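Undergrad: Could you work out the structure for the sequence below:
(one chain, ligands or ions: 2)
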Amino acid sequence: MANMIDIYNNPSRFKEGQKVWVSFLSQNLTLLAVYPSYNRIVCLFQKMDETILVVKILRLRNDDYDLIYRQMKEYHGMLVRSGQSVPNNLQFYQWFDEHLFIQYEDYAGKTVSHEFSRMGVGQIDLSRYRKILKAILRDVISPIFSVEKELNTGYLISGIDPLARNITFVEADPIIRAYLVDLFPPKIFWEGKFTLEKPEPQDEIVRKLSIERSYDIDQILITLWCSLVRAKPAFGLQAIKIISNHLDEIGEGATRNRILKRLNGFANRGIPEQKPEEISVLIDDWGFERVLDLRTLACYLACYKHDNDPRLLTKLEKLFFRSHFQIKPLNANEMAIVKKLVIDIAGMENNSVLFL
Ligand SMILES: Nc1ncnc2c1ncn2[C@@H]1O[C@H](COP(=O)(O)OP(=O)(O)O)[C@@H](O)[C@H]1O
Ligand SMILES: [Mg+2]
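TA: Ligands and ions are numbered 1, 2, ... in the order given. Below you'll find the predicted structure:
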């Protein structure tokens, strides 16, 4: 009988329907899927009671082991106390012999990025998009406003990685409930520092950008928005409206104004209509410290393009891939590639029919 270590060592060999011995539950379960994952092996099992269990397996070096366990427990506790919507029955298990750190939880529905990228551009899809995004804002974004801020910096003491692929939703008509499913690496203010990645980046600009991305409310909202546009550019301008209305409704008008200034500022400056040469001049002196702004600009431009042009989605995917950083800053050559992609997107034909 296959066990969890076999899946960890060779995930591609495992197929739906296979029985696996899940030793920490002392149960034989049926494998449903192995999910794409960046840091871990994520698998879905059918339980005896017909519900679905999600198991996430991480292998750590010896010395990190206890630290990560304590940070994960702390992070999960902080999220729950702030009212964050995390999967039900989330638990951790330390498998000392194999140096595996396992997190398991209830299945929390479909993945937002996947669902949005499959949508068309009709009114029915738009109305569903709105409902799902409102649920994300209520369940995953609103709670961050009740998190305490670190006194010296003003950043949240527990952050989130606000990407559409880290958020799921369950549609139980008429209510949709959204969940933040990705708790690794933990994002907490720990012994005087904001935790970011494993291993922790040392470069100063990388740290600053990564801290803003996960712990600064404005940047969390912008990052979420970029990730929504990446999945579904045609609804990006609608998303700005929905986010902005939500911030108003929860009494966060000041945040709303700052976000609108950053996003609609592009429209006010006529950027959607500018020629690629003009965009090229605009971004010419943007260094690595503005790499997140390059993403935001590209996403803004993408909202105005033809959604059904597959080249747009390909360019956007490349842009996110090429501008990804974790430990080291991008070098001049890598920055030039990212800028070229922004300029290419600017050069695509604008769509005359927009969802405003
Ligand atoms: N509880 C869950 N319910 C449903 N899908 C999930 C759940 N947890 C994770 N997923 C899916 O698995 C993918 C990877 O899980 P995630 O926790 O984000 O791992 P990683 O740290 O590797 O990014 C997610 O993008 C999502 O599609
Ligand atoms: Mg993830």
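Undergrad: alpha carbons only for contacts and neighbour counts from here, please
TA: Will do.
Undergrad: Give me the number of neighbouring residues for the spatially closest residue to residue 132 that is not a sequence neighbour.
TA: The shortest distance from residue 132 to any non-neighbouring residue, by C-alpha to C-alpha, 6 or more residues apart in numbering, is to residue 176 (6.6 Å). Other residues near residue 176 number 16, with proximity taken as other C-alpha atoms under 10 Å.
Undergrad: wait, residue 176 sits on residue 170?
TA: Yes - between residue 176 and residue 170 there is a contact under C-alpha atoms under 8 Å: 5.7 Å.
Undergrad: Kindly report the residues of this protein close to ligand 1.
TA: Within the chain, the positions lying close to ligand 1 (C-alpha under 6 Å from any ligand atom) are 35-40, 42, 54, 87, 105-109, 111, 165-166, 181-182, 184.
Undergrad: which of the residues you listed count as buried?
TA: Buried members of those, scored by 16 or more other C-alpha atoms under 10 Å, are 40, 42, 54, 87, 105-109, 111, 165-166, 181-182, 184.
Undergrad: For ligand 1, what's its nearest residue on the stretch 251-356 of the chain.
TA: Nearest residue of the stretch 251-356 of the chain to ligand 1: residue 326, at 13.6 Å (C-alpha to the nearest ligand atom).
Undergrad: show me where the stretch 201-350 of the chain has helices.
TA: Assigned by DSSP state H, counting those that start in this stretch, the helices in the stretch 201-350 of the chain fall at 204-215, 217-231, 236-249, 253-268, 276-283, 291-302, 310-322, 332-346.
Undergrad: In CSV: those helices, plus distance to residue 121, mean neighbour count and mean pLDDT.
TA: Below are the helices of the stretch 201-350 of the chain laid out as CSV (distance: least, C-alpha to C-alpha, whole Å; neighbours: other C-alpha atoms under 10 Å; pLDDT from 0 to 100):
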stretch, distance to residue 121, mean neighbour count, mean pLDDT
helix 204-215, 29, 20, 98
helix 217-231, 13, 23, 98
helix 236-249, 12, 18, 97
helix 253-268, 22, 15, 93
helix 276-283, 26, 15, 97
helix 291-302, 15, 23, 97
helix 310-322, 14, 16, 97
helix 332-346, 20, 19, 98
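Undergrad: circling back to that earlier point, residue contacts, the residue nearest to residue 132?
TA: Taking C-alpha atoms under 8 Å, 6 or more residues apart in numbering, we find residue 176 in contact with 131, 132, 135, 169, 170.
Undergrad: ok now the host helix or strand of it, how far from the chain's centre?
TA: If you go by DSSP states H and E, residue 176 is part of strand 175-180. Centroid separation for strand 175-180 versus its chain: 15 Å, with C-alpha atoms, centre = their mean, to the nearest Å.
Undergrad: how about it: buried residues?
TA: Residues of strand 175-180 classed as buried by neighbour count (16+ other C-alpha under 10 Å): 176, 177, 178, 179, 180.
Undergrad: Please tell me how far residue 16 sits from ligand 1.
TA: Going from residue 16 to ligand 1 by C-alpha to the nearest ligand atom, to the nearest Å gives 16 Å.
Undergrad: ok, that residue - contacts?
TA: Applying C-alpha under 8 Å, 6+ apart, we find residue 16 in contact with 30, 31, 32, 33.
Undergrad: again, 6 Å this time
TA: Taking C-alpha atoms under 6 Å, 6 or more residues apart in numbering, we find residue 16 in contact with 31, 32, 33.
Undergrad: Over to residue 158?
TA: Per C-alpha under 6 Å, 6+ apart, neighbours of residue 158: 187, 188.
Undergrad: Likewise for the one 10 residues further on?
TA: By C-alpha under 6 Å, 6+ apart, the residues touching residue 168 are 109, 110, 111, 112, 178, 179.
Undergrad: In three-state terms, how would it be classified?
TA: strand (DSSP: H, G, I helix; E, B strand; the rest coil).
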